[in-house]
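Q: Quick one, fold the following:
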Amino acid sequence: MIQFKLEGEFIPLIQLLKASGLVGSGGDAQTVVEDGLVKANGEVEFRKRYKVRVGDIITFGENKIEVI
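A: The predicted structure is shown next:
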């Protein structure tokens, strides 16, 4: 599991995927979210600008990101 330290109140989902290195670009991040390949707290998340906050668990494939 990847632990991502949040610096502000939230980070948009596509930026988190990019910052954590799970996708190569913002375009790739948008595509995987639109295709329903990303889950936020166990639920499929289609909103690219979903506000990820401390305590959220983001899942993409076999990868999990814990936001701390």
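Q: residues making contact with stretch 56-68?
A: Applying Cβ atoms under 8 Å, 6 or more residues apart in numbering, the external contacts of stretch 56-68 come out as 1-6, 11, 13, 16-17, 20, 22, 32, 37-42, 52-55. To be clear about C-beta, it is placed using only N, CA and C from the backbone, and glycine gets the same treatment.
Q: Identify each buried residue in that stretch, please.
A: Using 16 or more other Cβ atoms under 10 Å as the test for burial, stretch 56-68 gives D56, I58, T59, F60, I65, V67.
Q: Looking at the residues you listed, which are in helices?
A: Counting by DSSP state H, no part of those is found in helices.
Q: could those go into CSV alongside distance to K48 and pLDDT?
A: What follows is those, written out as CSV (distance: Cβ to Cβ, whole Å; pLDDT from 0 to 100):
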residue, distance to K48, pLDDT
D56, 15, 98
I58, 13, 98
T59, 16, 98
F60, 13, 97
I65, 16, 98
V67, 17, 98
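Q: with those in mind, which one is nearest to D28?
A: Nearest to D28, judged by Cβ to Cβ, of these is F60 at 10.8 Å.
Q: If the closest one is in a bridge, with which residues?
A: For F60, the residues forming beta bridges with it (DSSP bridges) are V38, N63.
Q: re earlier: now, among the buried residues of stretch 56-68, which is nearest to G26?
A: Compare each of the buried residues of stretch 56-68 with G26 using Cβ to Cβ and the shortest gap goes to F60, at 14.6 Å.
Q: any idea how far the closest one lies from E43?
A: Applying Cβ to Cβ, to the nearest Å, the value for F60 to E43 is 13 Å.
Q: Fine by me, we can end here.
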